[in-house]
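In: no sequence on hand, only this structure:
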């Protein structure tokens, strides 16, 4: 891979990651909105349920599209689940703090949580969860 191509690889990968994340985020926000507005759930609970659905969507699309991982699903899924568990805790903690303690409206709170989780998830996915396994020589 030439220098020009390698300089573009990370930004293009991030764009693919963000596009995939938009699909997962749409799933999360749909569950959040439906949970709060129609099911009477608290914002933190609805956000967490949506996060779980979004994580499934994100794993499948990131594995096949964003990172085109050759790592076995058993390994990649385990790593992704551990990464997503930290993201889940980050999302839940932020939503609880912002909506329950600071009384923010749930959508602006979720937007902030989503932005921070995006940075966490991209970095962890790229550097750890979907990173190619090095072959012993």
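Out: Structure's in. What do you need? All values derive from a computational prediction rather than experimental measurement. Numbering: from 1, shown residues only.
In: in space, what's closest to the most centrally placed residue in the chain - neighbours in sequence excluded?
Out: For the chain, residue 121 is the residue whose C-alpha lies nearest the centre (C-alpha atoms, centre = their mean; 5.1 Å). Excluding the flanking residues, the one nearest residue 121 by C-beta to C-beta, 6 or more residues apart in numbering is residue 87, at 5.4 Å. All C-beta spots, glycine's among them, are computed from the backbone N, C-alpha and C.
In: now residue 118
Out: Spatial nearest neighbour of residue 118, excluding adjacent residues (C-beta to C-beta, 6+ apart): residue 21 at 6.0 Å.
In: you'd agree that neighbour is up against residue 121?
Out: Yes: the pair residue 21 / residue 121 is scored as a contact, 7.3 Å apart, by C-beta atoms under 8 Å.
In: which residues do the two both contact?
Out: In terms of C-beta atoms under 8 Å, 6 or more residues apart in numbering, residue 21 and residue 121 are both contacted by the residues residue 58.
In: which helix or strand lies directly C-terminal to whichever helix or strand the residue nearest to residue 121 is part of?
Out: Under the criterion of DSSP states H and E, residue 87 resides in helix 73-95. Sequence-wise, the next helix or strand downstream of helix 73-95 (DSSP H and E) is helix 106-124.
In: enumerate the positions of that following helix that are buried.
Out: For helix 106-124, the buried set under the neighbour-count rule, 16 or more other C-beta atoms under 10 Å, comprises 106, 109-110, 113-114, 117-118, 120-122, 124.
In: what's that helix in contact with?
Out: Residues from elsewhere that reach helix 106-124 (C-beta under 8 Å, 6+ apart): 14, 17-18, 21, 25, 28-29, 32, 36, 43, 46-47, 58, 83-84, 86-87, 90-91, 94-95, 98-99.
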